[in-house]
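Q: Sequence and predicted structure are below.
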Amino acid sequence: MPQSGFYAKVRRGLPALIGQWQRLGQGDADRLALILAETARVAKLGEPEATPSGATLLEWSAPDAGDAIPLWAARTATFLLVQMPARPLPASDDEACAWAYCWLRNRDFDSFEAAECALPDHLRKPLAAALKAAWTDRQGLRLV
């Protein structure tokens with residue numbers, strides 16, 4: 001039986017998040033992997049040790065790849081998806097949890113309301129429950 005905790009949902013949703021970036025991004029897998037790594041560096045969302053190959057990007061979008069995906073890649077994919085004019089949405093609860101987790105990791109919010117208000121309008125409803133769960137998870141980690 002799969003784990004049902006918030007972070008387990010995030011890890012299960014990460015491949016779909018990466019897969020959505022692949023489907024909506026323009027270019028072949030190698031070019032999209034380069035864009036992902038360079039955006040991470042420029043936007044200060046992480047420091048990839050190396051630029052992944054297109055094959056690695058494809059591996060990360062496999063349903064069971066959640067634990068293999070580096071956080072910088074997921075954070076950067078979220079950063080790019082949120083800005084797309086196509087206004088993509090998460091396709092499942094697990095993917096919504098991954099989006100919400102990365103949204104909170106990408107910026108420093110003083111309150112849940114600030115995090116929610118900063119979301120683009122088209123994402124507020126689809127991420128409502130996941131964002132609340134992500135905020136609760138984040139606050140819980142601060143107590144450790």
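A: Arrived safely.

Q: contacting residues for P126?
A: L89, P90, A96 (C-beta atoms under 8 Å, 6 or more residues apart in numbering). (C-beta placed from N, C-alpha, C; glycine too.)

Q: Now the first one: closest residue in space, sequence neighbours ignored.
A: This points to L89. Residue nearest to L89 in three dimensions, not counting chain neighbours: P126, with 5.0 Å by C-beta to C-beta, 6 or more residues apart in numbering.

Q: tell me the mean pLDDT for the lengthiest helix in the chain?
A: For the chain, the helix with the greatest residue count under DSSP state H is helix 6-24. Averaging pLDDT along helix 6-24 yields 95.

Q: for stretch 116-128, same thing?
A: Here the average pLDDT along stretch 116-128 is 97.

Q: mind saving the C-alpha coords of it as PDB?
A: Output in PDB follows, covering the C-alpha atoms of stretch 116-128 (Å, rounded to 0.1, in the frame of the first residue of the first chain):
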ATOM      1  CA  GLU A 116      -2.000  31.700  -1.700                       C
ATOM      2  CA  CYS A 117      -2.300  35.300  -3.000                       C
ATOM      3  CA  ALA A 118       1.000  35.100  -4.900                       C
ATOM      4  CA  LEU A 119      -0.300  32.200  -6.900                       C
ATOM      5  CA  PRO A 120      -1.600  33.000 -10.400                       C
ATOM      6  CA  ASP A 121      -5.400  33.100 -10.500                       C
ATOM      7  CA  HIS A 122      -5.700  30.000 -12.500                       C
ATOM      8  CA  LEU A 123      -3.900  27.900  -9.900                       C
ATOM      9  CA  ARG A 124      -5.600  29.100  -6.700                       C
ATOM     10  CA  LYS A 125      -8.500  26.700  -6.800                       C
ATOM     11  CA  PRO A 126      -6.600  23.600  -8.200                       C
ATOM     12  CA  LEU A 127      -3.800  24.100  -5.600                       C
ATOM     13  CA  ALA A 128      -6.000  25.100  -2.700                       C
END
